[in-house]
Every structure is written in C-alpha cells, then in structure tokens.
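In: Quick one: sequence and predicted model below, then my questions.
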Amino acid sequence: MMVQALGPVWHQKQKKQGIIPHGLHGLDREATWSYSRADGWVYGHGTFCLATHGINFLGAFKWMPNSAHEAKRLETEIGRYERFVKVCCMDSKADDYQLYRKLKDTYDIQLLTTMRRTKIKSADRQQMWRELHTERHQRLYRERGHTVEPMQSLVKDIFDLERAWMRGNDNNRWVMAAMGVAVQVAQRIANHHGESTWRVKALVLGI
C-alpha cells in the first residue's frame, strides 16, 4: 500500500537532481516515487502487509520504501513464519521463479501468484502456472480478495493513512509498526471474546 508523504510533492526530475524549488517548505526528502494501476504515481512511503487466511488476523504491518520491491521484502519477511505458513499468496509483483523456488526449497512454502501470460514460456514457469491453476490453489488465491487487500484498508481507515503522519523514513518506520501492533492486539482481544477481527476500530482508538 502506498501512503502519500506529509507535505508537498518533490517532482521526480528535481528530486533526482537534488533541486528543491524556492518556497517548497515542509518537504519529506526521504519519501520516494512509485506507481500502481489503482493510484497512479504517488510520492510517499510504502507499507508491507501480511494477513492470515481462515481467521482473519493482521500478520505484519511495516514501513517500507515506497519504491521498494514487495516480492523482495516478502522473501526476507516470510521465513520467520515457516513453522506456520504452508501457502503464500501474492499478486503479480511476485511473478518470479527464483523467489518461487527459494520459498519452496528453503522454507517448504508454496508461492501462488498471478503470472504474465507473455512470460509463461519456460518449463519452470509453466510449472508455476499449473500449480496456481489447481482447484485447491485457485480457491486459496481467490481468498486474497477478502483477506490481504481489505486488511490493509482496515489499517488505513483506522489511522486515516491517506497521508503519512510524519516525515522521514525512521519516523514512519516506528509509527507504522506501532499501528500494526495496535491492530494485532485489538484483533486478539476481539477474537478471544468471539467478536469480529474486522470491527476493531473503536477498540484500537479507545472510543
């Protein structure tokens, strides 16, 4: 998920040249540019989110550079959960055979991801495609639509994260980690009382 930087936008060409226009105050110099089909180009910070299937819990919510690659971050994050994770579903940004092979060989985790049809040529990538399209894996992958994506939206709604709360990487790193922990604690309490792990906004905010 991309979060707009607090303050004005630093245009890409000027940022690359290190030029700050006269009168541009309150600029977050550490924010970066990234693009998504849903949001277009955004100057800001990114978030990395893991969510569980089945009972819906926020597994992780952390800051990451807006320009960073989610699949590479997945590789560094998922290993700590190898005892609990057997299948990992991610969007087309994880369309990478090396990542697929490493997760399977190192952690015994099955990666399911949508694939660019123009790239399904090698025998290795054809195997990835066949595994995704089994009936069981298709069912699991469809669950992303009501697990991972809405979980990011839940955090975004609770903390009004259309725009970052602070400037700079270090500040956003700790504040977003705190947001994630607050949601996790609230979801654990809600689940303990037999309540929905989605309706935790009031519990998180103490209202």
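Out: Now that the structure is in, tell me what you want to look at.
In: Going by contacts, tell me the helices and strands next to the biggest helix by length in the chain.
Out: Longest helix in the chain, counting residues (DSSP state H): helix 169-192. In this structure, helix 169-192 makes packing contacts with strand 40-51, strand 58-65, helix 148-158, helix 201-205, judged by 3 or more CB pairs under 8 Å, 6 or more residues apart in numbering; DSSP states H and E. For every residue, glycine as well, the C-beta is placed using N, CA and C.
In: counting contacts, what elements does the last one pack onto?
Out: Read it as helix 201-205. Counting contacts by 3+ CB pairs under 8 Å, 6+ apart, helix 201-205 packs against helix 148-158, helix 169-192.
In: Those: lowest mean pLDDT?
Out: Mean pLDDT across these is lowest at helix 148-158; the value there is a mean of 91.
In: Report the inter-axis angle for it versus helix 169-192.
Out: Angle, helix 148-158 to helix 169-192, by axes from the mean of the first three to the mean of the last three CA atoms, to 10 degrees: 110 degrees.
In: Just the buried positions in helix 148-158, please.
Out: 148, 151, 152, 154, 155, 156, 158 (16 or more other CB atoms under 10 Å).
In: And for stretch 39-46?
Out: Across stretch 39-46, burial judged by 16+ other CB under 10 Å covers 42, 43, 44, 45, 46.
In: Check those and tell me the two furthest apart.
Out: 43 and 46 (11.4 Å; CB to CB).
In: buried ones in the longest helix of the chain?
Out: In helix 169-192, counting by 16+ other CB under 10 Å, buried: 169, 171, 172, 176, 179, 180, 182, 183, 184, 186, 187, 190.
In: so what pLDDT did the residue of the chain positioned farthest from its centre get?
Out: For the chain, the residue at maximal distance from the C-alpha centroid (CA atoms, centre = their mean) is residue 22, at 35.0 Å. Note on residue 22: pLDDT of 88.
In: cool, and residue 46?
Out: Residue 46 is given a pLDDT of 95.
In: what's the answer for the one 4 residues further on, then?
Out: Residue 50 is assigned 92 on the pLDDT scale.
In: what about the residue nearest to it when sequence neighbours are not counted, distance to residue 1?
Out: Distance criterion CB to CB, 6 or more residues apart in numbering; nearest residue to residue 50, sequence neighbours excluded, is residue 59 at 3.6 Å. Per CB to CB, to the nearest Å, residue 59 is found 15 Å from residue 1.
In: Please apply the same query to residue 157.
Out: On the measure of CB to CB, residue 157 and residue 1 end up 12 Å apart.
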